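S.K.: sequence and predicted structure below; questions after.
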Amino acid sequence: MKEQLEKIYSNAANDISKAASINDLEQIKAKYLSRKGEFNEIKKNLKNLSNEDKRIIGSLANEITEKLEASIKEKHDVFYQAELNKKLQQERIDVTLPGKFIPRGKVHPITSTTNEIVAIFQSLGFSVVESDKSPEVETEYFNFDMLNIPKDHPARDVQDTFYTTIAQNVVLRSQTSGAQIHVMEEQKPPIRVISPGRVYRNENINARKNNFFHQIEGLYVDKNITFGDLKGVLNEFIRIYFGSSRPTRFRSSFFPFTEPSAEVDVQCIMCGGKGCKTCSGTGWLEILGAGMVDPNVLNGVGIDPEVYSGFAFGMGIERLAMLKYAIDDIRLFFNDDLRFLKQF
Ligand code: PHE
């Protein structure tokens, strides 16, 4: 029996030394050490031996079992460590590899310019009229009539304004000035608001004109408002928006809804005032129209022009963006060219 045990041991030891994987070791374990393994078969016969032999053979069997278990475990640990190292090697992160590029959307330059202008006027005490208070699809009443624009004024012509098929008097607004009427019909002075939005004009499209663009309307009505206030607010806006270095000029003008009226020009950024294609050779680019609110307009909305006065202005957002970023073609804002848009 002792020889039998030693034979099994040397076979098992031989198998273990040849094992090449954890899987091999599992099989060896099953073959020799499991309940149905070769050692157990021998242990079953122990009962036929004398007490003395039982002790000797029994302890030899236990000794051998322990030895085999120990050498299996030792080899198992070596395989396990090797596999683990291999796995860690495969899963290693190379921190020097370039990162993944995640494309990011950007705010359109017209939106960011609008936000910038709005923030400046807010810092000067103006509040923003909600866009739904002054719609793009507008009646002639707000776009023209209440702004003191006569029935035969050329701006009303289909050559200039887009009429809709909704009703005879419904237009795509040609200016944000209708917002003045919306606000003054709902609110009594003091009024100090701005209203940004899109406007439409029946233009031939070229580098300077598009058939839609964006404006910001401003309105300030209170007691004792003068042309000096108008100049003060607009000069302060221009100083903040362009920085003090950019030359500007006020030029007298005419609008049916303001009296007196003015236009503000900024020196052409393309030619520095020498005169070029962008500024039609004048050296100046108009950025806004403005003036003291006409008494007829105030009367129309039930504000007494003997008690109150005010000023209004309307500026072109594209023009302001073009001047700041030296963009020489208005169409660039609207043809979705990523090479252009990515620069902002
Ligand atoms: N609405 C005028 C335009 O479209 C600008 C303007 C606004 C002029 C307010 C005076 C007062 O050109």
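M.R.: Perfect, I can see it now. Everything numeric in this text was worked out from a predicted model, so none of it was measured.

S.K.: any buried residues in the host helix or strand of Leu5, and which?
M.R.: Per DSSP states H and E, Leu5 falls inside helix 2-18. By neighbour count with 16 or more other CB atoms under 10 Å, helix 2-18 contains the buried residues Leu5, Ile8, Tyr9, Ala12, Ala13, Asp15, Ile16. Where you see a C-beta, it was placed from the backbone N, CA and C, and this is true even at glycine.

S.K.: looking at those residues, which is nearest Phe101?
M.R.: Here the nearest of the buried residues of helix 2-18 to Phe101, counting by CB to CB, is Ile16; it sits at 53.3 Å.

S.K.: make sure the closest one is actually in contact with Glu26.
M.R.: No. In this structure Ile16 lies outside contact range of Glu26 using CB atoms under 8 Å: 11.9 Å.

S.K.: can you list contacts of the helix or strand bottoming out on mean pLDDT in the chain?
M.R.: Lowest by mean pLDDT, DSSP states H and E among the helices and strands of the chain is helix 38-44, with a mean of 77. Outside of helix 38-44, the residues within contact range by CB atoms under 8 Å, 6 or more residues apart in numbering are Met1, Gln4, Leu5, Ile8, Lys31, Tyr32, Leu33, Ser34, Gly58, Ala61, Ile64, Thr65.

S.K.: also near the ligand: which of those, exactly?
M.R.: Among the contacts of helix 38-44, none lies close to the ligand by the criterion of CB under 6 Å from any ligand atom.

S.K.: just those residues now: which is nearest the ligand?
M.R.: Closest approach to the ligand among these (CB to the nearest ligand atom): Ser34, at 95.1 Å.

S.K.: that closest one - nearest residue in space that isn't next to it in sequence?
M.R.: Asn40 (7.4 Å; CB to CB, 6 or more residues apart in numbering).

S.K.: with Leu230 instead?
M.R.: Nearest non-adjacent residue to Leu230, counting by CB to CB, 6+ apart: Phe311, 3.9 Å away.

S.K.: quick check: the one you found vs the ligand, distance?
M.R.: Remark: distance between Phe311 and the ligand (CB to the nearest ligand atom, to the nearest Å) = 8 Å.

S.K.: wait, a helix at that residue?
M.R.: No. Under DSSP: H, G, I helix; E, B strand; the rest coil, Phe311 sits outside any helix and is assigned strand.

S.K.: partners of it in the sheet?
M.R.: Using DSSP bridges, the beta-bridge partners of Phe311 come out as Tyr220, Met292.

S.K.: got a pLDDT number for Tyr141?
M.R.: Note on Tyr141: pLDDT of 97.

S.K.: now name the helix or strand holding it.
M.R.: Here Tyr141 is assigned to helix 140-143, by DSSP H and E.

S.K.: helices of the stretch 51-200 of the chain, start to end?
M.R.: Listed in chain order, the helices found in the stretch 51-200 of the chain under DSSP state H, counting those that start in this stretch are 51-90, 109-123, 140-143, 178-186.

S.K.: adding mean neighbour count and distance to Gly218 as columns, could you present the ones you listed in JSON lines?
M.R.: Conversion of those to JSON lines gives the following (neighbours: other CB atoms under 10 Å; distance: least, CB to CB, whole Å):
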{"stretch": "helix 51-90", "mean neighbour count": "13", "distance to Gly218": "65"}
{"stretch": "helix 109-123", "mean neighbour count": "17", "distance to Gly218": "7"}
{"stretch": "helix 140-143", "mean neighbour count": "20", "distance to Gly218": "17"}
{"stretch": "helix 178-186", "mean neighbour count": "22", "distance to Gly218": "9"}
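
S.K.: all good on my end, thank you.
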